[in-house]
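**Q** Quick check, what structure comes out for this input:
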Amino acid sequence: MSTRTKGKLSRRDFIAVAAAGAWLLLDRASPVDASETKKEDTQGMLIDLTRCVGCNSCALACKESNHLPGDDQIPQALESDAYTFVDPVEAITAGGESTTRYVKRQCMHCLDAACVSACPAAAMYDSGEGPIIYRAGQCLGCRYCQVGCPFGVPRFDWEDGIAPTISKCWMCHDRLQAGDEPACVEACPSGALRFGRRSELLSQARAQIATHPDRYVDHVFGESEVGGTSIVYLSDVPFEQLGFPLDLPHVAPPEQTEKVMSALPFVIGGMAALMSGTAFYTHRLRPDGGEE
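**A** All right, here's what the predicted structure looks like:
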C-alpha cells in the first residue's frame with residue numbers, strides 16, 4: 001500500500017484542485033447582462049387584432065408596392081410572392097362566444113434577429129432602424145435563416161435553382177427612407193395597423209389594455225418574446241388560440257448562442273487541465289523507474 005508523501009498533492013487532491021479551477025474559469029465566463037447591450041429604440045408596427053376586418057387591403061398593397069406577381073390575388077400564406085397575408089382564425093372570446101379574428105402575419109423583425117445571426121454571408125441584415133433586410137445579391141441559398149427563425153417566416157424560392165432567393169417582409173425600408181409609412185399601414189382602412197417608434201407603440205398598447213381591460217388580453221405579444229420584436233400585437237382572445245407560439249424564451253436566440261460560445265474556450269481549457277493533471281498523476285513514475 002502506498003503512503004501519501006508529506007508536502008505533495010495526492011491524486012485525489014489534484015483532481016479536486018483542477019476541478020475547482022475549471023469551475024472558476026466557467027464562472028468568470030458569465031456573459032454580460034442583456035440590458036447592457038440593449039438596442040436603441042427602433043421603428044415598429046402595432047397590430048390591433050380587434051380592429052382588423054379581414055379586407056386584405058394590406059396584403060394587396062404589399063404585393064403592389066413590392067412588384068410581386070399576382071398583385072390582384074389575395075395571398076393565403078407566406079410565399080416567395082407574398083410577404084404578408086391575413087389569416088382568418090376561429091376563436092372563442094372571454095364570454096364564450098365563437099368569433100373569427102383576422103391575423104396579419106409577416107416577418108416579426110426581431111430586435112436581435114436569429115436569421116441575421118445564422119446567415120454566414122450577411123444576406124440577412126439588421127438595418128438598425130427596425131427592419132431586418134434581405135440582400136439577395138449576397139445570399140448563398142443555405143437556408144440557415146429558415147432554420148433559425150423562431151416564427152418560421154423566411155420562404156425559399158424553389159423554382160429558381162440558379163439564383164436562390166429568400167422572401168420575407170422588409171417593412172418597406174425604401175419607403176421609410178423616403179419618409180413614408182409601410183405600404184400595408186398606409187392601405188389599412190380600419191386603423192388596425194399603426195406605425196411609429198416601438199417605445200411609443202408599446203406605451204399606447206399598454207394604455208389601451210389599462211383603459212379597456214375587458215376588451216383586451218393583458219399581454220402585448222412581441223414586447224418580450226425572443227428578446228422583443230418590432231412588430232407587436234394586441235388581441236381580445238388568447239394568443240394561443242390564434243396560432244401564436246407561447247413557448248418562446250424572453251431571451252433572443254443569438255444571445256443564448258453567444259453565452260455558450262463565450263463559455264466554450266473556458267470549458268475546453270478547464271477540462272484539458274483536469275484531464276492532463278489526472279493523466280499525469282495516474283502515470284507518474286516511481287523513483288525506481290516503475291509506474292506507481
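**Q** What residues does the closest residue in space to Cys139 that isn't next to it in sequence make contact with?
**A** Spatial nearest neighbour of Cys139, excluding adjacent residues (C-beta to C-beta, 6 or more residues apart in numbering): Ala123 at 4.1 Å. C-betas here are computed from N, CA, C, even on glycine. Ala123 sits next to Tyr134, Arg135, Ala136, Gly137, Gln138, Cys139, Leu140, Cys145, Ile166 when contact means C-beta atoms under 8 Å, 6 or more residues apart in numbering.
**Q** which residue sits closest to the fourth one, ignoring its sequence neighbours?
**A** The one in question is Gly137. Ala123 (8.0 Å).
**Q** where's Pro88 relative to Glu223, distance?
**A** Counting by C-beta to C-beta, to the nearest Å, the gap from Pro88 to Glu223 is 25 Å.
**Q** Compare these two (neighbour count), which wins?
**A** A side-by-side neighbour count of Pro88 and Glu223, using other C-beta atoms under 10 Å, places Glu223 first with 16 against 11.
**Q** For Ile209, see how far away the more buried one is.
**A** Counting by C-beta to C-beta, the separation of Glu223 from Ile209 is 11 Å.
**Q** in the stretch 151-292 of the chain, which spans are helices?
**A** For the stretch 151-292 of the chain, helices defined by DSSP state H, counting those that start in this stretch occupy the ranges 173-177, 183-187, 198-211, 253-282.
**Q** likewise the stretch 1-150 of the chain?
**A** Under the criterion DSSP H, counting those that start in this stretch, the stretch 1-150 of the chain contains helices at 11-28, 57-65, 114-118, 144-148.
**Q** Next up, the contacts around the nearest residue to Met171 once chain neighbours are set aside.
**A** Excluding the flanking residues, the one nearest Met171 by C-beta to C-beta, 6+ apart is Pro131, at 3.8 Å. Contacts here follow C-beta under 8 Å, 6+ apart; on that basis Pro131 touches Gln43, His109, Trp170, Met171, Cys172, His173, Leu176, Ser230.
**Q** residues near the third one, how many?
**A** Meaning Trp170. Trp170 sits with 21 neighbouring residues when counted by other C-beta under 10 Å.
**Q** Lovely, talk soon.
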